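Q: Here is my input, please return the structure:
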Amino acid sequence: MEKTRITAQIEGERNYHIFYQIFSGADDATTSKLKLEKGMEAFRYLGNRTALRSRRDATSFEETMTCLSQIGLTEDEKSDVLGIVAAVLHIGNIEFEVVKNEDKAQMTESSAESLKIACSLLGLDETKVSEAMLTKLLSVGGKTIHKPQDVGQASDKRDAFAKLVYSSLFVWLVNRINATLASEDALPAAKSSEDAMFSPKQSPYKPPIPTGFIGVLDIYGFENFDNNGFEQLLINYANEKLQRHFNRHLFEVEQSLYSSEGVDWTYITFNDNRPCLELIEGGGGNVGILSTLDDCGGMGTSAERDVNFLAQINQKFGGGNKGAMKNTSSSNGKKKKKKNKSPAKESVRHGNFISPKFGNDRDFIIVHYAGEVRYTATGFVEKNVETLSNELKDLGSTSSNPLAHGIFGAATTSSPAADPATTPARRSTIRGVSVASQFRTSLQMLVMDLECTQPHYVRCIKPNTQKAYSIFDSGEVLRQLRYSGMMETIRIRREGYSLREEHEAFHRKFHLLLSTEEQKKGEGISHLVKVLSKRLKLTDAEWQIGHTKIFLKRDLSSKLERLSSLRVRAAARVVGKFCRNVAHQRAGRLLTAWARLRLVLIRKHREIAASNKISSTYRMYKSRKSYTTTLQSAIRLQCLCRRAVARERVRVLRDPYFDMSFKELDILHNEEVIRMETAVNDKDFKTAAEIEQSL
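A: Next up, the predicted model:
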């Protein structure tokens with residue numbers, strides 16, 4: 001399906017990144033060698049525009065070249081790979097025109113250069129490529145006839161050839177990567193030089209013999225847009241196929257577990273989407289939508305073939321042939337009316353198919369596991385037809401470029417063959433294998449690989465479409481959960497015994513639901529289940545005891561959890577009440593002891609205060625008595641001192657010269673005069689003044 005992007009893109013969509021990386025990251029010498037100097041606006045497969053160039057293309061080109069080196073490609077091989085990619089762009093510039101007075105196509109003069117460059121890069125002959133696009137080989141009666149093609153048919157062949165070149169390169173790279181990752185023991189012996197191209201240089205280390213492989217299947221999931229076409233039908237068909245595998249895997253895992261534990265699993269129902277798959281791919285002796293689509297690739301315009309396809313599926317699956325049979329019977333007579341009674345069984349409407357309400361409506365509805373999807377049949381037949389002829393396929397073997405020759409050979413050997421059980425031989429020989437047949441075969445091979453593995457499923461959910469953080473779009477998440485099959489998964493788990501616990505763990509968790517008397521009557525998991533089943537009025541459909549585990553439904557588990565929680569809460573209230581009583585008693589004793597201690601402390605404080613008062617009073621008495629004695633002694637001494645001073649003063653008043661004689665006074669006076677004169681001579685005027693005053 002992805003090959004359609006090579007030749008046509010929707011508005012705002014880019015082609016494959018490698019085309020833009022070459023223009024952004026390759027040097028001038030490389031672009032000149034590949035004849036890409038005119039830029040991406042010169043190539044029709046790139047939309048003749050440059051607005052979709054990304055800033056990361058140059059950096060991504062370097063990363064791509066590094067990755068090619070890491071898988072073992074040499075510089076010459078990398079150059080050839082880029083040449084094949086550039087050849088796809090040059091093939092897209094080949095144009096056709098109508099030959100005058102003839103109903104056939106020819107290449108325009110401006111396309112000759114593009115054809116020459118493309119053939120040079122691919123190592124092909126220009127004449128053979130031109131002839132393969134402009135004519136078609138028909139084998140009639142053992143003779144080969146070259147039938148000219150019109151412009152539309154030649155353009156389809158050109159686009160198919162471009163898709164073949166690109167897809168062949170893609171398959172070759174996948175094989176080269178697988179050969180790089182595989183161990184030496186897992187690689188088959190190279191039978192030819194072409195096979196040796198996929199064998200990188202072996203390392204001296206030889207790992208042990210591989211025991212298997214690890215594969216990653218990345219798929220978005222169910223698609224339901226406003227306008228759903230052929231691509232959405234195939235994608236949803238693949239999701240139906242994978243959902244059936246998932247349901248079977250989940251149911252078989254559940255069934256094996258129940259069987260190993262000896263649990264009766266007849267209570268569980270399995271929602272099988274086989275009717276929807278049979279509607280799409282056919283089976284059980286009936287044709288499907290894809291087989292009907294393969295049969296509608298006949299003559300007529302694209303619109304006429306789409307109308308024919310829609311009419312056929314409405315007649316086969318929508319019950320639309322009842323009215324047609326009535327009309328034909330009424331117009332053609334009684335005999336034809338009797339003949340048409342037998343196929344009336346085919347007119348029963350399929351349960352997963354809904355016809356449009358109006359006859360001229362181009363839509364039909366399929367009821368998938370994730371819901372109803374309305375498909376528009378426009379372009380179904382044209383997209384399903386594989387326009388690649390055998391002449392174009394055989395051109396790869398004539399390539400003079402060794403790498404291109406190996407690439408075309410790898411794509412031819414690795415392409416899935418048509419399923420002989422579902423694809424008639426006449427379809428493959430006349431019109432080639434259709435896209436739907438290739439897709440169905442590839443999908444069947446994928447499912448066969450999945451059946452041989454031990455799958456692990458990871459569901460990825462985008463919280464919002466803006467790729468922003470901290471934004472949770474509940475509607476978008478719900479849509480993804482519904483389209484990814486999670487609702488069906490949840491339903492299967494809910495119908496089964498979703499909770500499984502070991503006997504010991506379950507008994508340890510829920511034995512508290514039994515009273516003391518009930519616990520005395522028995523013990524073990526059987527006694528617990530028997531008592532609870534009788535109390536809650538449960539049956540074996542609600543829970544069962546296995547050999548090592550007990551199986552119970554989620555609702556019952558929630559009920560037991562609630563009962564256990566209530567029992568724990570009731571016990572917690574009893575324990576809390578007891579603890580509160582103990583706490584109250586302890587608090588009372590503590591308060592009593594504290595009051596007694598407080599009284600003792602108060603009494604002790606009073607005693608200490610009284611003793612301090614007595615001691616302070618005694619100290620005050622002693623200090624006061626000592627002070628009084630000292631004060632009286634001081635007063636007595638002061639009195640005696642004052643009396644002595646008064647006596648001396650009176651004596652001086654009575655005898656100022658202290659009873660000295662006149663002669664003694666005269667000698668003293670002379671001595672003082674001499675001292676004064678000495679002081680004057682020594683210029684000690686202060687002393688002289690004092691002596692003079694004394695004199």
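Q: And the strand or helix carrying Glu77, what does it pack against?
A: Applying DSSP states H and E as the criterion places Glu77 in helix 75-92. Judged by 3 or more C-beta pairs under 8 Å, 6 or more residues apart in numbering; DSSP states H and E, the packing partners of helix 75-92 are helix 17-25, helix 28-33, helix 57-70, helix 111-122, helix 151-181, helix 402-414. The C-beta positions use only the backbone N, C-alpha and C, and glycine is treated the same way.
Q: To Glu41, which of those lies closest?
A: Nearest to Glu41 among the helices and strands packed on helix 75-92 is helix 17-25 (9.8 Å), distances taken as C-beta to C-beta.
Q: Please point out which parts of that closest one sit buried.
A: If you call a residue buried by 16 or more other C-beta atoms under 10 Å, then helix 17-25 has these buried ones: 18-25.
Q: same check, this time on stretch 282-299
A: 282-283, 287-294, 296-297.
Q: cool, stretch 69-79 as well?
A: 72-73, 77.
Q: Any idea how far apart the tips of that stretch sit?
A: This stretch, stretch 69-79, spans 12 Å end to end (C-alpha to C-alpha, to the nearest Å).
Q: try stretch 453-470
A: Terminal-residue distance, stretch 453-470 (C-alpha to C-alpha): 37 Å.
Q: Report the rounded mean pLDDT for it.
A: Taken as a whole, stretch 453-470 carries a mean pLDDT of 84.
Q: swap in stretch 563-579?
A: pLDDT averaged over stretch 563-579 gives 91.
Q: tell me the mean pLDDT over stretch 236-247?
A: Rounded mean pLDDT across stretch 236-247 is 87.
Q: then it to PDB, C-alphas only?
A: Output in PDB follows, covering the C-alpha atoms of stretch 236-247 (Å, rounded to 0.1, in the frame of the first residue of the first chain):
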ATOM      1  CA  ASN A 236      -8.800  -2.800   9.000                       C
ATOM      2  CA  TYR A 237      -8.600  -6.300   7.400                       C
ATOM      3  CA  ALA A 238      -5.200  -6.700   8.900                       C
ATOM      4  CA  ASN A 239      -6.400  -5.500  12.300                       C
ATOM      5  CA  GLU A 240      -9.300  -8.000  12.100                       C
ATOM      6  CA  LYS A 241      -6.800 -10.800  11.400                       C
ATOM      7  CA  LEU A 242      -4.500  -9.700  14.200                       C
ATOM      8  CA  GLN A 243      -7.400  -9.200  16.600                       C
ATOM      9  CA  ARG A 244      -8.500 -12.800  15.900                       C
ATOM     10  CA  HIS A 245      -5.000 -14.000  16.600                       C
ATOM     11  CA  PHE A 246      -5.000 -12.000  19.800                       C
ATOM     12  CA  ASN A 247      -8.400 -13.300  20.900                       C
END
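Q: Could you check how far the closest residue to Ile354 other than its chain neighbours is from Arg248?
A: Leaving aside its chain neighbours, Ile354 sits nearest to Ile365 (3.8 Å; criterion: C-beta to C-beta, 6 or more residues apart in numbering). As judged by C-beta to C-beta, to the nearest Å, Ile365 and Arg248 stand 26 Å apart.
Q: what do you get for Asn15?
A: 39 Å.
Q: more crowded one of those two?
A: Legend: neighbour count by other C-beta atoms under 10 Å for Asn15 and Arg248, higher for Asn15 (22 against 14).
Q: Which of the three states applies to that one?
A: coil (DSSP: H, G, I helix; E, B strand; the rest coil).
Q: Next: Arg500.
A: Here Arg500 is strand, with the state taken from three-state DSSP.
Q: any idea which helix or strand comes after the host helix or strand of Glu517?
A: Here Glu517 sits within helix 516-521, counting by DSSP H and E. Downstream of helix 516-521, the next assigned helix or strand under DSSP H and E is helix 525-536.
Q: Run through the neighbouring helices and strands of that following helix.
A: helix 503-510, strand 543-545.
Q: Kindly recompute the last result at 6 Å.
A: Packing partners of helix 525-536 (3 or more C-beta pairs under 6 Å, 6 or more residues apart in numbering; DSSP states H and E): helix 503-510.
Q: could you dump the helix it packs on to PDB, C-alpha only?
A: Output of helix 503-510 as PDB, limited to C-alpha atoms (Å, rounded to 0.1, in the frame of the first residue of the first chain):
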ATOM      1  CA  HIS A 503      -4.400 -20.600  48.200                       C
ATOM      2  CA  GLU A 504      -2.300 -19.500  51.100                       C
ATOM      3  CA  ALA A 505      -2.300 -15.800  50.100                       C
ATOM      4  CA  PHE A 506      -6.100 -15.900  49.600                       C
ATOM      5  CA  HIS A 507      -6.800 -17.600  52.900                       C
ATOM      6  CA  ARG A 508      -4.400 -15.200  54.700                       C
ATOM      7  CA  LYS A 509      -6.300 -12.200  53.200                       C
ATOM      8  CA  PHE A 510      -9.900 -13.300  53.700                       C
END
